[in-house]
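S.K.: Okay, structure incoming, though there's no sequence with it:
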């Protein structure tokens, strides 16, 4: 019987060492494709439609499985790569310079950052499964 070092389970790539680098690499590739699509459409479509496309194509990829590979699972350098992609997309949706700070843009568009999404997913998980968590 052959032993594999990586497998795909329910769309999430898991390695034998429980590192998330390969999964995050795959997510980054998909996010870059969605980012290119959004950048290509921003001159043609209205800002409201671009925001909707962001949520359907980019945000859905970003959020899938984030409870596992998010801030605690993948490590800082890996999630920084994803956050840079997210910032690049946010700036391109409002036609801002690459040197512009994203903080205000996230607020205006009412979009959560990667770190905020991780926190939200953990809070939602705890809220749903609170009765099953052991209390000491």
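M.R.: Right, received. Where do you want to start? In this text the structure is predicted, and so the values were computed from the model without any measurement.
S.K.: Got the phi and psi for residue 27?
M.R.: With angles defined as degrees, to the nearest 10, residue 27 sits at phi -60, psi -40.
S.K.: if I look at it, how far off is residue 115?
M.R.: Distance of residue 27 to residue 115, computed by CB to CB, to the nearest Å: 15 Å. All C-beta atoms are positioned from the backbone trio N, CA, C, and that covers glycine.
S.K.: neighbour-wise, which of those two wins?
M.R.: residue 27 (24 against 12; other CB atoms under 10 Å).
S.K.: isn't that one right up against residue 60?
M.R.: No. Contact criterion CB atoms under 8 Å: residue 27 and residue 60 do not qualify, at 11.3 Å.
S.K.: Could you report the separation of the residue nearest to the spatial centre of the chain from residue 50?
M.R.: Residue closest to the average C-alpha location in the chain (CA atoms, centre = their mean): residue 62, at 2.5 Å. Relative to residue 50, residue 62 is positioned 16 Å away (CB to CB).
S.K.: Kindly report the same for residue 124.
M.R.: With CB to CB as the criterion, residue 124 and residue 50 are 27 Å apart.
S.K.: Look at these two and report which has more neighbours.
M.R.: residue 50 (20 against 11).
S.K.: Low-confidence regions, this structure specifically.
M.R.: Scanning the chain for pLDDT under 70 picks out 1, 18, 69-78, 134-136.
S.K.: Now do the helices in it.
M.R.: 21-41, 47-53, 60-63, 66-69, 76-93, 103-109, 114-128 (DSSP state H).
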